[in-house]
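Peer 1: The sequence and its predicted three-dimensional model are supplied below.
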Number of protein chains: 2
Amino acid sequence: MAEIYRASTTAPVNIAVIKYWGKRDAKLNLPTNSSLSVTLSQDDLRTHTTASCSAIYTTDSLLLNGKDQDISGARTQACLRELRSLRTRLENANPGLPKLADLKLKIVSENNFPTAAGLASSAAGFAALVRAIANLYELDSSPTELSRIARQGSGSACRSLFGGYVAWEMGSQADGSDSLAVQVAPVSHWPEMRAIILVASDKQKDVGSTAGMQQTVATSTFMKQRVLDVPTRMEEMNKAIQEKDFQAFARLTMKDSNSFHATCLDTEPPIKYMNETSWAAIRIVEAINAAAGKLVAAYTFDAGPNAVIYHLEEDAPKVTGVLKSVIGDKEGWQGARGSEIQAQDAGLLPPVAVQTLKDGVSRVILTGVGGDPVKIDDHLIDASGNAIVR
Amino acid sequence: MAEIYRASTTAPVNIAVIKYWGKRDAKLNLPTNSSLSVTLSQDDLRTHTTASCSAIYTTDSLLLNGKDQDISGARTQACLRELRSLRTRLENANPGLPKLADLKLKIVSENNFPTAAGLASSAAGFAALVRAIANLYELDSSPTELSRIARQGSGSACRSLFGGYVAWEMGSQADGSDSLAVQVAPVSHWPEMRAIILVASDKQKDVGSTAGMQQTVATSTFMKQRVLDVPTRMEEMNKAIQEKDFQAFARLTMKDSNSFHATCLDTEPPIKYMNETSWAAIRIVEAINAAAGKLVAAYTFDAGPNAVIYHLEEDAPKVTGVLKSVIGDKEGWQGARGSEIQAQDAGLLPPVAVQTLKDGVSRVILTGVGGDPVKIDDHLIDASGNAIVR
């Protein structure tokens, strides 16, 4: 019987503090500005992917959370083509290697977080896909080299090939060869960064991010200003991370999130991702910071209503403690780090925001900065080439 | 007994289609950009003010809706000082005139719309105050000359000295002498312009506009871009009005409202005036326009959640008709113009937006473009100098 080649990885979610919004080349996913993210811990949020190839497979396939995915799209095809091309190069240089590039791929993938949570899973998904196939093909490519490939699957996926603090440098080449992710700092540099995600129930889906960002590029004059603003903000954010300056990190994170959503609002027709729950989170973060007399919490919002609130471990009582006093009855508090949670400042919170948060948050996820994708031996495809259903 | 001199006026509300947001001189209310508004009909929304002066009065006073107002503020004082100065000039030129400038002023004012509606009443209020005193003093100043004075009371008040379509030219002089309102077109030029105001109940008051706009000027880079964008938009809007081109008028109106609120969101800390009801109004206007195959309705939002939806009389069935099918049970539909209201397009409306509008709109006001302030003989102060309580 033909051999079944297998390799597995987990890959993390990342949440940008300088947002990616707008493509200068939609086919290659080349952005109009650089971006920067914090990679979150795979203990809490990860995609687990097994890539496999064998002569017994008759087509390329991808099973995600038990459901067959359409992989005929240009983006997935670009990733597969690029990875096969790198494998072919290896095989040509070393004729003793098995000819994996010619075999069909079977890929099985699982997220450990609820899809319904509305967390951007495409970043972790494409990072895991690219990383798993690179493992399978035993490519010697660096994560930065692989980021060029993952970017073509989903822009922000390129940042999920690293743990810690990761920049996606926009680059200037037309072919995208210099539009790559680099690690700004490893998780060990500033491991105290925590994040609480307030998962907001959203009644109304707005425009998808791919269509939305190109409407913004086409119609928003503020987008032009944003593109001018980001380079300085990237430098300042990099400096804040190098110096572990949470004040600067927090200010820049909130400013950039607001700037991104303002360009959405300036789009024709206007795009809206934040809802009243999101705004309640903003007002409560402001109240927490006011009570602390400094910035101890920083909100950011992707293309959806969920709030991600960054804070340092030492300030967990002031941040998650206060939030727990408000929405402690929601799912997700089990295993909360920082056992001595206090809520003495909860009385200072704006009452309307408190009620809106109670009504609008469906669950919380407590997490923090985390590490690189991890190669694992826990395969989602068995030795006979069948997907393992759990 | 000493004579009681009296004069009365009504003055209109105006709703900007190119918004005023940001002062380059906070004391003189000099704006960072020009703005343009539609004056609304005084049949529906007006301030009625009687100005009176007499030797029997011992202090300057202002009674608004039956409540004594503090008039010691710099803005009201600036208006009174400027008007007295113009009267003094007249008296000096014609020694036969009574010496009114030396007498104390008693001013009584009433709005015909509920204060709770959250409609910006300061524009109509200061316009009526200035116009009533100018009538009392028999000043020969033009409305544009008076707009320089009203502007110092409340920026947007300068636009309420005219009916029809009114521009506030920002000017360039440091003393504000050229920051004045001019009529772009009288109501007779384009009398078909209608407006429906959806009064939204708001749980949460955000930052007041005076403080808010200066935070924006200080912290938003998008505000800089807005200041660069507005001159072209003013020209385009002026052209749209001259040519009675509702398509262009609608597109510019919505774009400018969104641009204004986007600068608010780009402010540190972010300012929010629109709520979910406002967004539901946006989505319903978009659906109405999509069903019509052209722009038949244009939303705009001031510093609050109320939607003002401009439309032409001929499109009333498509606009107010559809809205009535959704929120016809709210107060304010009585006397609706356009008797043959149809709602055949209501099925195309986004259901979540429909429900949000039903939940969030407390009343509607049906109105349209209206005329200049009107001098009237219906005084709110009797011949003995006493306020008339109704």
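Peer 2: Thanks, I have the structure now. Residues are numbered from 1 along each chain as shown, chains lettered A, B, ... in the order given.

Peer 1: going forward, measure contacts between C-alpha atoms and count neighbours the same way
Peer 2: Will do.

Peer 1: quick one: contacts for residue A:64?
Peer 2: Listed by C-alpha atoms under 8 Å, 6 or more residues apart in numbering or on different chains, the contact partners of residue A:64 are A:108-110.

Peer 1: Highest neighbour count among those?
Peer 2: residue A:108 (28 neighbours; other C-alpha atoms under 10 Å in any protein chain shown).

Peer 1: what's residue A:187 in contact with, if anything?
Peer 2: A:163-165, A:369-371.

Peer 1: just to revisit the earlier point, ok, of the contacts of residue A:64, which one's closest to chain B?
Peer 2: Closest approach to chain B among the contacts of residue A:64 (C-alpha to the nearest C-alpha): residue A:110, at 32.0 Å.

Peer 1: Check what contacts stretch A:171-178 and list those residues.
Peer 2: A:28, A:30, A:148, A:169-170, A:179-180.

Peer 1: Buried residues, it. List them.
Peer 2: Residues of stretch A:171-178 classed as buried under the neighbour-count rule (16 or more other C-alpha atoms under 10 Å in any protein chain shown) are A:171, A:176, A:178.

Peer 1: Export the residues you listed as CSV, with columns for pLDDT and distance to residue B:360.
Peer 2: Shown next, in CSV, are those (pLDDT from 0 to 100; distance: C-alpha to C-alpha, whole Å):
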residue, pLDDT, distance to residue B:360
A:171, 97, 47
A:176, 95, 48
A:178, 97, 50
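
Peer 1: Chain B: which of these is nearest?
Peer 2: Of those, the one sitting nearest to chain B (C-alpha to the nearest C-alpha) turns out to be residue A:171, at 23.8 Å.

Peer 1: Can you check the distance spanned by stretch A:185-197, start to finish?
Peer 2: Terminal residues of stretch A:185-197 lie 22 Å apart, using C-alpha to C-alpha, to the nearest Å.

Peer 1: swap that for stretch A:353-371, please
Peer 2: Start-to-end, stretch A:353-371 (C-alpha to C-alpha) is 34 Å.

Peer 1: buried ones in that stretch?
Peer 2: Those would be A:353-354, A:356-358, A:360-371, for stretch A:353-371 by 16+ other C-alpha under 10 Å.

Peer 1: same thing with stretch A:9-25?
Peer 2: A:9-23.

Peer 1: can you check stretch A:104-116 too?
Peer 2: Buried-residue list, stretch A:104-116, by 16+ other C-alpha under 10 Å: A:104-111.

Peer 1: and that stretch, C-alpha only, in CSV?
Peer 2: C-alpha atoms of stretch A:104-116 as CSV (Å, rounded to 0.1, in the frame of the first residue of the first chain):
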residue,chain,number,x,y,z
LYS,A,104,-2.5,15.0,-3.7
LEU,A,105,-2.8,16.7,-0.3
LYS,A,106,-5.4,15.9,2.3
ILE,A,107,-5.6,18.5,5.1
VAL,A,108,-7.7,18.2,8.2
SER,A,109,-8.1,21.2,10.5
GLU,A,110,-9.8,21.9,13.8
ASN,A,111,-10.3,25.1,15.8
ASN,A,112,-10.5,24.8,19.6
PHE,A,113,-12.7,27.9,19.8
PRO,A,114,-16.3,28.3,18.9
THR,A,115,-16.8,29.5,15.4
ALA,A,116,-19.9,31.2,16.6
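
Peer 1: Around the residue in the stretch 251-390 of chain A positioned nearest to chain B, count how many other residues there are.
Peer 2: As assessed by C-alpha to the nearest C-alpha, chain B sits closest to residue A:262 within the stretch 251-390 of chain A, at 4.4 Å. Counted by other C-alpha under 10 Å, the residues lying close to residue A:262 total 30.

Peer 1: Check which helix or strand it maps to.
Peer 2: Using DSSP states H and E, residue A:262 sits in helix A:246-265.

Peer 1: Now do that helix against helix B:246-265, angle only.
Peer 2: 170 degrees (axes from the mean of the first three to the mean of the last three C-alpha atoms, to 10 degrees).

Peer 1: ok, residue A:265 touching residue A:274?
Peer 2: No: between residue A:265 and residue A:274 there is no contact under C-alpha atoms under 8 Å: 10.5 Å.

Peer 1: The two: which has the busier surroundings?
Peer 2: residue A:265 (26 against 20).

Peer 1: got the contact list for that one?
Peer 2: A:271-272, B:258-259, B:261-262.

Peer 1: Could you report the distance from it to residue B:273?
Peer 2: 13 Å.

Peer 1: Need the residues touching each of these two.
Peer 2: residue B:261.

Peer 1: got the contact list for the helix or strand residue A:77 falls within?
Peer 2: Per DSSP H and E, residue A:77 falls inside helix A:74-93. Residues outside helix A:74-93 that contact it (C-alpha under 8 Å, 6+ apart): A:71, A:97-102, A:130, A:133-134, A:137-139, A:149-150, A:152-154.

Peer 1: neighbouring strands for the helix or strand that it is followed by, and are they parallel or not?
Peer 2: Going down the chain from helix A:74-93, the next helix or strand is strand A:104-111, by DSSP H and E. Here strand A:104-111 is paired, per DSSP bridges, with strand A:46-54 (antiparallel), strand A:61-64 (parallel).

Peer 1: Comparing these, which comes out most buried?
Peer 2: Mean neighbours per residue, mean count of other C-alpha atoms under 10 Å in any protein chain shown, is largest over the strands paired with strand A:104-111 for strand A:46-54, with a mean of 28.

Peer 1: I figured residue A:55 hits residue A:2, correct?
Peer 2: Yes: with contact defined as C-alpha under 8 Å, residue A:55 counts as touching residue A:2 (6.0 Å).

Peer 1: neighbour-wise, which of the two wins?
Peer 2: The neighbour comparison of residue A:55 against residue A:2 (other C-alpha under 10 Å) goes to residue A:55, with 16 against 9.

Peer 1: Look up the residues forming beta bridges with the nearest residue to residue A:135 once chain neighbours are set aside.
Peer 2: Nearest non-adjacent residue to residue A:135, counting by C-alpha to C-alpha, 6 or more residues apart in numbering or on different chains: residue A:7, 5.9 Å away. On the basis of DSSP bridges, residue A:7 is bridged to residue A:51.

Peer 1: Return the per-residue confidence for residue A:7.
Peer 2: Here, the pLDDT recorded for residue A:7 equals 98.

Peer 1: got any ranges where the stretch 201-350 of chain A has weak pLDDT?
Peer 2: Where the stretch 201-350 of chain A drops to pLDDT under 70, the residues are A:202-207, A:335-347.

Peer 1: and it, which residues reach chain B?
Peer 2: A:203-204, A:221-222, A:225-226, A:229, A:255, A:258-259, A:261-263, A:265-268, A:270, A:275-276 (C-alpha under 8 Å from any C-alpha of the partner chain).

Peer 1: contacting residues around the spatially closest residue to residue A:284 that is not a sequence neighbour?
Peer 2: Closest residue to residue A:284 apart from its sequence neighbours, by C-alpha to C-alpha, 6+ apart: residue A:349 at 6.1 Å. Remark: with contacts taken as C-alpha under 8 Å, 6+ apart, residue A:349 is in contact with A:284, A:287-288.

Peer 1: Are any of those buried, and if so which?
Peer 2: A:284, A:287-288.

Peer 1: So which of these sit within helices?
Peer 2: Here DSSP state H is the test, and the buried ones among the contacts of residue A:349 give A:284, A:287-288 as lying in helices.

Peer 1: Test my guess that residue A:125 contacts residue A:50.
Peer 2: No: applying C-alpha under 8 Å, one finds residue A:125 not in contact with residue A:50, separated by 11.4 Å.
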